[in-house]
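> Would you be able to build a 3D model of this:
(2 chains)
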Amino acid sequence: MKDQEEWTEIITPDRKFFSLKLKDVFDYWDLILLFVRRDFVAFYKQTILGPAWYLLQPLIQTAIYAVMFGNILSISEETGVPSLLFYLSGTVTWWYFAQSVTKTSNTFTANAHIFGKVYFPRLTVPFSILISNLIGFGIQFTLFIAIYIGYVSLTDLDYTFSLSGLWFIPLLVLTMALLGLGIGLIVSSLTTKYKDFQQFIGFGVQLLMFASPVIMPVSIAESKAGEWGKVLTTVLEYNPMTSVIEGFRAIFFSGYKFDTSNITYSLTVAIVLFTFGVLLFKKTEQNFMDTV
Amino acid sequence: MGDIAIKVEGLYKQYRLGVIGADTLKDDLKLAFAKLRGKSLADVYNIEGNDRMVGDSEYVWALQDVNFEVKKGEILGVIGKNGAGKSTLLKILSKVTGPTKGQIKVNGRIASLLEVGTGFHPELTGRENVFLNGAILGMKKHEIKSKLDEIVDFSGIGKYLDTPVKRYSSGMMVRLGFSVAAHLEPEILIVDEVLAVGDAEFQKRCIGKMNDVSKNQGRTVLFVSHNMASVMELCDRGLLMQHGTVHSTGKVRDIIPAYLNVFRAEKTTSDLHTIETRNGNGFIKFHKIQIVDKNNSNIDFALSGQKIKFKVTMKVHKPMDYKQIHLSLRLVDSNDVTLFHLSNSIANGKEDSISATTDEFDVFFEIVKLPLNSGKYNFHLFCSDLQNVFDEVNFAGELNVEGGNFYKSGKLPPASTSSFLVDYKVNL
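Predicted coordinates:
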């Protein structure tokens, strides 16, 4: 017994499921920041437009949606919000979620060459992705605010902006961060052995977007009659991203109300997925090099 | 207990052979089910059995019941053939992968160098990569900052520091990577043959640095290498691995002969009579070739400076009195450039004769002190008398040479620049 206390570390085969050692991760805070920097720099190296891509990416996406769904299918007409603002609000929030999921989901496979040579807490990689995506989101959200202010001051947009609504933003960001990270962690753990999951996640994220209010608000889905309308409403109801996107819109646009019970639901799902994801990830990290 | 840095107890590691696909999913489910019923992992895999293969299963034991201790401040050289389990052991020690059974107790911070420059990003500059690589290896930002000048100095990349590393030569990358690693300050350092890279001068500096790290700073080093010369020079103690188990441990000078014995047990005879492409009338033919040491036991490879013999068995297919038989062995490098020529007529000044009653005889080409650096060499065999060529076999065999203690100093010039070793003295 006395003997045991002398060792700084004991390497054993089966780690306890709940031994998270999160402190280790924060001991490597410097590394997390360096990863963030690396990803940020690598993102725009050898591009002509550089960091401007952070702004162009959602703008182009929004333009596509606005033309496709707003003008041709005239979905957003009934929302009372200019289609540019409507789709931008959806795209920006969805971008964050989708990026978190897809980037986190190949943590093990993409970093196998580093993980195979050196040990450091593997969770540093997903956390760095979380942070670099937050920076990206910050930039894109600022773009949204700028365009919003432009609309408010130049047109007679019916807006309900209130300062108190701003307090909900951190909560919404937290929900979406935990959701993206949680799903990403689960998928990354599964892909170490079966790479099929990496294929699924591409389609999955896309499919989930159509089942979220990025393109059409919940109110419109409800008004669509028929069996598919019903299915869509149910999916929307259970999609934890629904309340996040609707929540953002509620802060800036009239005609949306901020539903705290939906947010609570989303946050709960996010926390559950995140916790499960972290546990699974920790479980996987010890031996994944043998299978990846 | 306090003076032990690493204690490995009953360590096992299992790998699955073959491809991962739908079949492995079935196995996984079986395993998960067994676990659910409360069986331990060790019960599910059959841990008994001495062979690395367990029955006809697709699992293989890379390590089996490995036990050893490393004292603080010691440099332990881990040696063994390819596939003996050295790398697996290092991977488990550096926590890259986990053991299947058993445990390792560690006293002190471990840093492992299975590769240099891990995590270098080509788009980032040398300076940025020093920070990134340092952080990956476990250094804090302020630590790296305070050592940046030393690191840059040691690597000798100086003015290229603010250039993206994708513009570096591979040698520069290695030097920068090693410099970062060399300035880590762990209590235990695990090094895997990284010294095999870089030029001679840099290798020397690396060895010097490792010596300094352990002897002057009292750190523990685990060093894995195939290069006997550097193991002999650096390490106090050796650990010989064979088939995933510890064969023996002890002083390096005792372990290295054991290492060579491991090879001796394997096949080294090669048949020459089956070779089809040969010249000559075939009156006398090369039948068999063996490379043996001074005790006439077969060796798989030779050490620089060792006494070795090529034992050639000849068969007489047309018995008669042969006078003036000339036999020669020509040793060539990997580009088929002749390095030296051994022949009875030159060494003895005359040809040999064979009586009509002989149907088989052995010829020994003996090299008293093998003057070759580590590498792979081939040899050609030739037999004739003054009129006829009896037999000629090109590429009759391969001679593998490992760096040995030719100069009794534990050092050798790099094989890339000097394949010959000359017995010489330098006096001041």
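
> only C-alpha atoms for contact and neighbour calcs from this point on.
Will do.

> Low-confidence regions, the stretch 151-292 of chain A specifically.
Counting by pLDDT under 70, the stretch 151-292 of chain A shows low-confidence ranges at A:158-162, A:224-226, A:292.

> Poorly predicted segments of chain B, please.
Applying pLDDT under 70 to chain B flags the ranges B:1-2, B:17-27, B:31, B:35-58, B:193-200, B:226-227, B:229, B:260-269.

> Near chain A, which residues of chain B are found?
Neighbours of chain A within chain B, by CA under 8 Å from any CA of the partner chain: B:1-2, B:15, B:20-21, B:91, B:94-109, B:112-115, B:118-119, B:121, B:123-124, B:131-132, B:135-138, B:140-141.

> Show me the helices in the stretch 251-400 of chain B, by range?
B:252-264, B:344-347 (DSSP state H, counting those that start in this stretch).

> which stretch among those helices comes nearest residue B:337?
Closest approach to residue B:337 among the helices of the stretch 251-400 of chain B (CA to CA): helix B:344-347, 20.2 Å.

> Tell me which other helices or strands the closest one touches.
Packing partners of helix B:344-347 (3 or more CA pairs under 8 Å, 6 or more residues apart in numbering or on different chains; DSSP states H and E): strand B:322-332.

> Are there helices or strands packed against the strand it packs on, and which ones?
strand B:338-343, helix B:344-347, strand B:352-354, strand B:375-384.

> could you dump the ones you listed to CSV with mean neighbour count?
Output for the helices and strands packed on strand B:322-332, formatted as CSV (neighbours: other CA atoms under 10 Å in any protein chain shown):
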stretch, mean neighbour count
strand B:338-343, 15
helix B:344-347, 14
strand B:352-354, 15
strand B:375-384, 20
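
> longest helix anywhere in chain A?
In chain A, taking DSSP state H as the definition, the longest helix is helix A:124-154.

> Show me what secondary structure element comes after that helix.
Scanning forward in sequence from helix A:124-154 by DSSP states H and E, the next helix or strand is helix A:163-166.

> I'd like to check what contacts whichever helix or strand comes after that following helix. Which residues are they?
Following helix A:163-166 in sequence order, the next helix or strand is helix A:168-191 (DSSP H and E). Outside helix A:168-191, the residues that touch it by CA atoms under 8 Å, 6 or more residues apart in numbering or on different chains are A:96-109, A:126, A:130, A:197-198, A:201, A:241, A:244, A:247-248, A:263, A:266-267, A:269-271, A:273-278, A:280-281, A:284-285.

> picking that back up, is the longest helix of chain A in proximity to chain B?
No - interface with chain B: helix A:124-154 contributes nothing (CA under 8 Å from any CA), its closest point being 10.1 Å away.

> counting contacts, what elements does that helix pack onto?
Using 3+ CA pairs under 8 Å, 6+ apart: helix A:124-154 touches helix A:29-44, helix A:53-65, helix A:83-105, helix A:168-191.

> That one vs helix A:83-105, what angle?
180 degrees (axes from the mean of the first three to the mean of the last three CA atoms, to 10 degrees).

> Return the set of buried residues in helix A:124-154.
Within helix A:124-154, the residues scored as buried using 16 or more other CA atoms under 10 Å in any protein chain shown are A:124-137, A:139-141, A:143-144, A:148, A:151.

> got the domain boundaries for chain B?
B:70-264, B:270-402 (automatic domain parsing).

> Just name the most buried of these.
Across the domains of chain B, averaging neighbours per residue (mean count of other CA atoms under 10 Å in any protein chain shown) puts domain B:70-264 on top, at a mean of 20.

> how far is it from where the chain is centred?
When distances are taken as CA atoms, centre = their mean, to the nearest Å, domain B:70-264 is centred 15 Å away from the chain's centroid.

> now swap in stretch A:29-46 and tell me
That offset, for stretch A:29-46, works out to 18 Å (CA atoms, centre = their mean).

> Tabulate the helices and strands packed on helix A:124-154 in TSV, adding columns for mean neighbour count and distance to residue B:188.
Shown next, in TSV, are the helices and strands packed on helix A:124-154 (neighbours: other CA atoms under 10 Å in any protein chain shown; distance: least, CA to CA, whole Å):
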stretch	mean neighbour count	distance to residue B:188
helix A:29-44	19	21
helix A:53-65	17	44
helix A:83-105	24	32
helix A:168-191	23	30
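
> Which of those helices sits closest to residue B:358?
helix A:168-191 (69.8 Å).

> how far does that closest one sit from the chain's center?
6 Å.

> so it versus helix A:124-154, what angle?
Using the same axes, to 10 degrees: helix A:168-191 against helix A:124-154 is 140 degrees.

> Could I have the CA atoms of helix A:168-191 written out in PDB?
Written as PDB, here are the backbone C-alpha positions of helix A:168-191 (Å, rounded to 0.1, in the frame of the first residue of the first chain):
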ATOM      1  CA  PHE A 168     -29.800  34.600 -23.800                       C
ATOM      2  CA  ILE A 169     -27.000  34.500 -26.400                       C
ATOM      3  CA  PRO A 170     -24.400  32.800 -24.200                       C
ATOM      4  CA  LEU A 171     -27.000  30.200 -23.200                       C
ATOM      5  CA  LEU A 172     -27.800  29.500 -26.900                       C
ATOM      6  CA  VAL A 173     -24.200  29.300 -27.800                       C
ATOM      7  CA  LEU A 174     -23.400  27.000 -25.000                       C
ATOM      8  CA  THR A 175     -26.300  24.700 -26.000                       C
ATOM      9  CA  MET A 176     -25.100  24.500 -29.600                       C
ATOM     10  CA  ALA A 177     -21.500  24.100 -28.600                       C
ATOM     11  CA  LEU A 178     -22.300  21.100 -26.300                       C
ATOM     12  CA  LEU A 179     -24.500  19.600 -29.000                       C
ATOM     13  CA  GLY A 180     -22.000  19.800 -31.700                       C
ATOM     14  CA  LEU A 181     -19.100  18.700 -29.500                       C
ATOM     15  CA  GLY A 182     -21.200  15.800 -28.000                       C
ATOM     16  CA  ILE A 183     -22.300  14.400 -31.300                       C
ATOM     17  CA  GLY A 184     -18.800  14.900 -32.800                       C
ATOM     18  CA  LEU A 185     -17.200  13.100 -29.900                       C
ATOM     19  CA  ILE A 186     -19.500  10.100 -30.200                       C
ATOM     20  CA  VAL A 187     -19.000   9.800 -33.900                       C
ATOM     21  CA  SER A 188     -15.200  10.200 -33.600                       C
ATOM     22  CA  SER A 189     -15.100   7.400 -31.100                       C
ATOM     23  CA  LEU A 190     -17.100   5.100 -33.400                       C
ATOM     24  CA  THR A 191     -15.100   5.900 -36.500                       C
END
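
> Give the next helix or strand downstream of that helix.
Following helix A:168-191 in sequence, per DSSP H and E, is helix A:196-210.

> What residues of the very next helix or strand once past that following helix count as buried?
Using DSSP H and E, the helix or strand that follows helix A:196-210 in sequence is helix A:218-223. Going by neighbour count (16+ other CA under 10 Å), the buried part of helix A:218-223 is A:218, A:220, A:221, A:222.

> Skipping adjacent residues, who's closest to the last one in space?
Counting by CA to CA, 6 or more residues apart in numbering or on different chains, residue A:222 lies nearest to residue A:233, which is 6.0 Å off, once chain neighbours are set aside.

> now the helix or strand hosting the one you found: how far from the chain's centre is it?
Secondary structure from DSSP H and E places residue A:233 in helix A:227-238. Distance of helix A:227-238 from the chain centroid (CA atoms, centre = their mean) equals 22 Å.

> what distance separates the start and the end of stretch B:128-146?
End-to-end span of stretch B:128-146 (CA to CA, to the nearest Å): 14 Å.

> Quick one: residues in contact with it.
A:28, A:30-31, A:34-35, A:118-120, B:111-112, B:117-121, B:165, B:176-177, B:180-181, B:184.

> In strands, which of those residues fall?
Members of the contacts of stretch B:128-146 lying in strands (criterion: DSSP state E): B:111, B:112.
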